[in-house]
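Asker: Return a 3D structure for these sequence lines:
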Amino acid sequence: MSPTTLPAGLEHGHVTFLGAGPGDPGLLTLRAVEALANADVLVAEHEVLDVVRKHARVGVAEVHTDTGPSGDAGPGTGTPQLAVVDGASTTAGLPAVRDAAHLVMEAARSGRRVVRAVSGDPGLDTYATEEMLACVAAGVPFEVVPGVAAAVGVPAYAGVPLRDAQGTDVRFVDARTASDRCWTEVGASDGTVVVSTTLDSVGAAAGELVSAGRKPDTPLTVTVAGTTTRQRTWTATLGTIAQTLKQAKVLPSPEGGRPVIAVVGERSAAAQRDQLSWFESKPLFGWRVLVPRTKEQAASLSDQLRSYGAVPHEVPTIAVEPPRTPQQMERAVKGLVTGRYEWIAFTSVNAVKAVREKFEEYGLDARAFAGIKVAAVGEQTAKALIAFGVKPDLVPSGEQSAAGLLEDWPPYDPVFDPIDRVFLPRADIATETLVAGLIELGWEVDDVTAYRTVRASPPPAETREAIKGGGFDAVLFTSSSTVRNLVGIAGKPHNVTVIACIGPATAKTAEEHGLRVDVMAPEPSVHKLAEALADFGLRRRAAAVEAGDPVTRPSERRPGARRRRSTT
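Answerer: Numbering: from 1, shown residues only. Got it, this is the predicted structure:
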């Protein structure tokens, strides 16, 4: 029996105290994902909602244990697939109280599976411990799913090892609750000290350690927003950290200070961090990259960008609509069922979707493809077909394009091919490359408009302002139409934004719109385009390090004039 499955007849529900880790969603454990998928009620703090909510099942009641200044619910309000409940609501049968312990207990008493998500690890959370004791007192069964503690995970992402081969003693201190005795004990030790504090209180914590006996020249690192793409680390000494933060123009926070992890000790010196800083030295670390595609289209590309440390932001530049005259598509689908075609070729995920919708309209399913050979222009289109229940017979072995598909397409052979006709469902603006190539190979082609592509609606005002104002570090243009449409619905990218194009034709269109192209893919592939941008970022970073300059993102520099097409 799964730990989240309630025994028959149990009066009370079940509570899972879950550690959401220090911020990186990838640090959630498999057990945590399982618990979230089975939860009836999710009780979570604002800072961990974005980490855990995507693993919760549809229909879960999501409870915010913290509210904004006005008492409104925080992130997540209005998410369509979730029943969002804030601390002041009685929706979904939950009480009108803001205290997390009451919310947890009331939901559990009604027989629900409750997940109580906390930042880091529940064993290091004082409030979680109190809530566990409340469960014990009420006879409500609970379990604990450990998470990566910030005091351990953040130094690992900052490239700061806590122990070495000599077995360094490691002490953990929460500066917000540490007593004078605690400071005295860690000050007398020569081991590594990991201090949980706030950015505004780092200097005071360093002063406490010096007063307790640590030398002012003891090295330390301070990391803010650890394990996220906003992570930033400073290296200094106990005596100089306040001045270092001041020179870096790190301003006091009006909210009382952002949480930070400071690591103090001789064996966590800057020399080691220079060699071991694997996370912040990613080629596109912290870059906001604009991807002019829908989330569905950009899924694998966005994942690739995240692996380089970037923060992808998808903005659709086209919308898909049905053809103006559906009769042609209807005849082709009927012909598919009656045996009119030897092949059907899909050149996009949208084409798969259009045929699938027409199938569903007629009450058909993937079995209608029996006896018909199926081709897909690339991996993403092939995945869409497989999700439909159709395994493609042909996917290009080389370039994922119409040209690549033609290279592998067999010529018509009247001996082996009883039918000489190909069904090609495509967009209304598709090029003639594939049609001409198939005809040259001896095939008859029914080139059918399966869907129309129209310019998408403009993105939100803040996105448009970021595009024109230099809020993005790079933009990936995957076709000429994405250039034209993005400029049309949002304006030209700012001159500081790195322009990356998938090929010469797209680059030419960008130049015609007054943009200078910085990066071009060596092959017409979105993944090669992302690789090329990462290489650009890596070279840019290496040049800054070699020159002794700080490593900055393109958006952190603001030349005056808009970038124009180069004439050299």
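Asker: Point out where the stretch 51-200 of the chain drops to low pLDDT.
Answerer: Counting by pLDDT under 70, the ranges of the stretch 51-200 of the chain that qualify are 62-99, 167.
Asker: Number of residues surrounding residue 363?
Answerer: Residues lying near residue 363 (other CB atoms under 10 Å) number 6. For the C-beta atoms, the positions are set from N, CA and C on the backbone; glycine is no exception.
Asker: ignore the last one, residue 242
Answerer: Number of residues near residue 242 (other CB under 10 Å) recorded here: 15.
Asker: residues contacting residue 208?
Answerer: With contact set as CB atoms under 8 Å, 6 or more residues apart in numbering, residue 208 has these partners: 175, 178, 183, 187.
Asker: do that again at 10 Å, thanks
Answerer: Applying CB atoms under 10 Å, 6 or more residues apart in numbering, we find residue 208 in contact with 173, 175, 178, 180, 182-184, 186-187, 195, 197, 201, 214, 238.
Asker: same check, this time on residue 395
Answerer: With CB under 10 Å, 6+ apart, residue 395 has these contacts: 374, 375, 376, 377, 378, 379, 381, 382, 385, 404, 405, 408.
Asker: will you turn those residues into JSON lines that also has distance to residue 485 and secondary structure?
Answerer: Formatted as JSON lines, those follow (distance: CB to CB, whole Å; DSSP: H, G, I helix; E, B strand; the rest coil):
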{"residue": "374", "distance to residue 485": "30", "secondary structure": "strand"}
{"residue": "375", "distance to residue 485": "28", "secondary structure": "strand"}
{"residue": "376", "distance to residue 485": "25", "secondary structure": "strand"}
{"residue": "377", "distance to residue 485": "21", "secondary structure": "coil"}
{"residue": "378", "distance to residue 485": "21", "secondary structure": "coil"}
{"residue": "379", "distance to residue 485": "24", "secondary structure": "helix"}
{"residue": "381", "distance to residue 485": "21", "secondary structure": "helix"}
{"residue": "382", "distance to residue 485": "26", "secondary structure": "helix"}
{"residue": "385", "distance to residue 485": "27", "secondary structure": "helix"}
{"residue": "404", "distance to residue 485": "25", "secondary structure": "helix"}
{"residue": "405", "distance to residue 485": "25", "secondary structure": "helix"}
{"residue": "408", "distance to residue 485": "31", "secondary structure": "helix"}
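Asker: helix or strand right after the lowest-mean-pLDDT helix or strand in the chain?
Answerer: When the helices and strands of the chain are compared on mean pLDDT, DSSP states H and E, strand 83-85 comes out lowest with a mean of 34. Past strand 83-85, further along toward the C-terminus, the next helix or strand under DSSP states H and E is helix 100-109.
Asker: In terms of secondary structure, what does that next one contact?
Answerer: Counting contacts by 3 or more CB pairs under 10 Å, 6 or more residues apart in numbering; DSSP states H and E, helix 100-109 packs against strand 14-19, strand 41-44, strand 61-64, strand 113-118, helix 126-138.
Asker: which residues of the protein score low on pLDDT?
Answerer: If you take pLDDT under 70 as the line, the chain has these spans: 1-12, 62-99, 167, 251-257, 267-271, 295-297, 558-568.
Asker: quick one, longest strand in it?
Answerer: Counting residues, the longest strand in the chain under DSSP state E turns out to be strand 444-455.
Asker: in that one, what counts as buried?
Answerer: Of the residues in strand 444-455, 445, 446, 447, 448, 449, 450, 451, 452, 453 count as buried by neighbour count, 16 or more other CB atoms under 10 Å.
Asker: Take these and write them to a markdown table, including distance to residue 42.
Answerer: As requested, the buried residues of strand 444-455 are exported to a markdown table (distance: CB to CB, whole Å):
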| residue | distance to residue 42 |
| --- | --- |
| 445 | 52 |
| 446 | 50 |
| 447 | 49 |
| 448 | 46 |
| 449 | 45 |
| 450 | 40 |
| 451 | 37 |
| 452 | 40 |
| 453 | 38 |
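Asker: what's in contact with stretch 272-282?
Answerer: Stretch 272-282 has contacts (CB under 10 Å, 6+ apart) with 24, 155-161, 164, 219, 221, 223, 226-229, 231-233, 235, 263, 270, 285-286, 306-310, 534, 537-538, 541-542, 545, 551.
Asker: among the residues you listed, which ones are buried?
Answerer: Applying 16+ other CB under 10 Å to those flags 24, 155-161, 219, 221, 223, 226-229, 231-233, 235, 263, 285-286, 306, 308-310, 534, 537, 541 as buried.
Asker: Give me the buried positions along the longest helix along the chain.
Answerer: Of all segments of type helix in the chain, defined using DSSP state H, the longest is helix 526-547. For helix 526-547, a neighbour-count test (16+ other CB under 10 Å) marks 526, 528, 529, 530, 531, 532, 533, 534, 536, 537, 540, 541 as buried.
Asker: Give the other helices and strands that that helix contacts.
Answerer: Contacts defined by 3+ CB pairs under 10 Å, 6+ apart place helix 526-547 against strand 288-291, helix 295-307, strand 474-477, strand 498-501, strand 519-520.
Asker: Including distance to residue 419, could the ones you listed go into TSV?
Answerer: Below are these laid out as TSV (distance: least, CB to CB, whole Å):
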stretch	distance to residue 419
strand 288-291	40
helix 295-307	32
strand 474-477	40
strand 498-501	40
strand 519-520	42
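Asker: what's the closest of these to residue 422?
Answerer: helix 295-307 (24.7 Å; CB to CB).
Asker: tell me the angle of the closest one relative to helix 526-547?
Answerer: Relative orientation of helix 295-307 versus helix 526-547 (axes from the mean of the first three to the mean of the last three CA atoms, to 10 degrees): 30 degrees.
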